[in-house]
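S.K.: fold the following and give me the result.
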Amino acid sequence: MAHFAELDENNIVLRVIVVHNNELMDENGVEQEQLGIQFCQSLFGGKWKQTSYNGNFRKHYAGIGYTYREDTDEFVPPQIEIGGESNGN
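M.R.: This next block holds a predicted model:
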């Protein structure tokens, strides 16, 4: 199974859904992220990026509130403020 994160206009993750690997297969049986993105867009519209449950790519598994950074092609956890200071992520 593949996982895809829906992003808002600021690249903040809104939700993560599971997509069957068959939806990612091209005519040669090779998984293509773009086919998964097109599948998600056909169902829900919006902007989507694949995320790895095992953290094999894009550094972290995306969760609600995470940010997708295009410059580093990774998902970054939200910063948590503790006593007025952020955790520095």
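
S.K.: how near is C40 to V30?
M.R.: Distance from C40 to V30, counting by CB to CB, to the nearest Å: 19 Å. For the C-beta atoms, the positions are set from N, CA and C on the backbone; glycine is no exception.

S.K.: next: F44.
M.R.: Distance from F44 to V30, by CB to CB: 24 Å.

S.K.: out of these two, which sits in the busier spot?
M.R.: More crowded of F44 and V30, by other CB atoms under 10 Å: F44, with 13 against 9.

S.K.: Three-state assignment for the residue lying closest to the more buried one once chain neighbours are set aside, please.
M.R.: Distances taken as CB to CB, 6 or more residues apart in numbering put E6 closest to F44, at 6.8 Å, once the chain neighbours are dropped. Put simply, E6 is strand when judged by DSSP: H, G, I helix; E, B strand; the rest coil.

S.K.: begin at 331, not 1, for the rest of this chat.
M.R.: From this message on, residue numbering opens at 331, which makes the last subject E336.

S.K.: what is E336 paired to in the beta sheet?
M.R.: Counting by DSSP bridges, E336 is bridged to R345, W378.

S.K.: what number of residues lie near it?
M.R.: As a burial measure, E336 scores 20 neighbours (other CB under 10 Å).

S.K.: from L373, how far out is it?
M.R.: Counting by CB to CB, the separation of E336 from L373 is 11 Å.

S.K.: could you do F334 as well?
M.R.: In terms of CB to CB, F334 sits 10 Å off from L373.

S.K.: helix, strand or coil for E353?
M.R.: At E353, secondary structure determined by three-state DSSP is helix.

S.K.: now it: closest residue in space, sequence neighbours ignored.
M.R.: Going by CB to CB, 6+ apart, E353 has F369 as its nearest residue, at 4.4 Å.

S.K.: and the helix or strand harbouring the one you found, what other elements does it pack with?
M.R.: Following DSSP states H and E, the helix or strand that holds F369 is helix 363-374. If contacts are counted by 3 or more CB pairs under 8 Å, 6 or more residues apart in numbering; DSSP states H and E, helix 363-374 sits against strand 332-337, strand 343-349, strand 377-381.
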